[in-house]
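Asks: Just need the structure, nothing else, for what follows:
(2 chains)
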Amino acid sequence: MKQIVALIRQQRFNRTRTALADAGFSSFTARKVVGRGQNDRGEGSMLLPRRMLTIVVKDNDADAAIRTIIGVNKTGVAGDGRIFVLPVHDASRIRTRERGTEALTER
Amino acid sequence: MVMVQAIVRPEKVYAVMNALLDAGFPALTKFEVAGRGKQRGIRIGEVTYDELPKEMLMIVVTEEEAPLVIDTIERAARTNVHGAFGDGKIFVLPVEASYTISTGARDAQAVGV
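Replies: So this is what the prediction gives:
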């Protein structure tokens, strides 16, 4: 399993959510964050608002999810955001106590 | 690549961010969290606070840069020279891949490329 952490522009959030759902990734966690990027150097660099999406997927679904997010969010301008892929050791669906990939929503 | 997750005091977060900027690490993500540590919250008189507000910083760097980032955060986030309970914690997580959305490209420095 992989945890995909995507930092995207706030105004692209709804489109990203729809695109992910269409691609079969209906489950994710979203939260509002602020941050700055590689280019935001110098004193008093502004912190820009972004949406952070966290999606846990099976290993072989990761690429499709990443491509979907890039497809919606790429404008070609610095500030589009970043995606990180982290390994996930285990998962549990608390309701049924299913473990591992069984705990993930079927794509 | 590794993701450094630092949970620090809200009053220290801008000192930490400026220290990171000076050390050459401008890129980070910040959000508010609440939690407790091994002190099990804090008790002030009759009132017990089960969870305390903190700020979480996420910084993704190469494995070689991680010790400097961690050292920079520790120095800036500590209360006076000795440190105090509630100063926070730092976690380091593996990052298998990283993508820059504006180019759509996978970043070359990630592990396993």
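Asks: low-scoring stretches of chain A, by residue?
Replies: Low-confidence segments of chain A (pLDDT under 70): A:42-45.
Asks: State which strand of it is the longest.
Replies: Longest strand in chain A, counting residues (DSSP state E): strand A:48-57.
Asks: Also chain B?
Replies: Per DSSP E, chain B has its longest strand at strand B:52-61.
Asks: Quick one: mean pLDDT over the helix or strand following that one.
Replies: Toward the C-terminal end, the helix or strand that comes next after strand B:52-61 (DSSP states H and E) is helix B:66-77. For helix B:66-77, mean pLDDT is 97.
Asks: got the angle for the longest strand of chain B vs helix B:66-77?
Replies: 150 degrees (axes from the mean of the first three to the mean of the last three C-alpha atoms, to 10 degrees).
Asks: what residues does chain A put near chain B?
Replies: A:2, A:5-8, A:31-41, A:45, A:47, A:50, A:52, A:66, A:69-70, A:73-87 (C-beta under 8 Å from any C-beta of the partner chain). Where you see a C-beta, it was placed from the backbone N, CA and C, and this is true even at glycine.
Asks: need the contact list for the residue lying farthest from the centre of chain B.
Replies: Going by C-alpha atoms, centre = their mean, the residue of chain B most distant from its centre is residue B:46, 31.7 Å out. Neighbour list for residue B:46: empty [criterion: C-beta atoms under 8 Å, 6 or more residues apart in numbering or on different chains].
Asks: now residue A:29
Replies: By C-beta under 8 Å, 6+ apart, the neighbours of residue A:29 are A:53-55.
Asks: Restricted to buried residues, select these in PyMOL.
Replies: In PyMOL, this line selects whichever of those come out buried by 16 or more other C-beta atoms under 10 Å in any protein chain shown:
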select buried, chain A and resi 53+55
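Asks: re earlier: outside of the longest strand of chain B, which residues touch it?
Replies: A:5, A:35, A:82, A:84, B:1-10, B:13, B:16-17, B:20, B:25, B:27-36, B:41-42, B:69, B:73, B:86, B:88, B:95, B:98.
Asks: Next: stretch A:63-79.
Replies: A:4, A:6, A:8-9, A:12, A:15-16, A:19-20, A:23-25, A:37, A:39, A:48, A:53, A:55, A:57, A:80-81, A:83, A:85, B:99, B:101-104.
Asks: can you pull the buried residues of that stretch?
Replies: Buried, per 16+ other C-beta under 10 Å, within stretch A:63-79: A:65-66, A:68-70, A:72-74.
Asks: need the residues you listed in CSV with secondary structure, can you?
Replies: Converted to CSV, the buried residues of stretch A:63-79 look like this (DSSP: H, G, I helix; E, B strand; the rest coil):
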residue, secondary structure
A:65, helix
A:66, helix
A:68, helix
A:69, helix
A:70, helix
A:72, helix
A:73, helix
A:74, coil
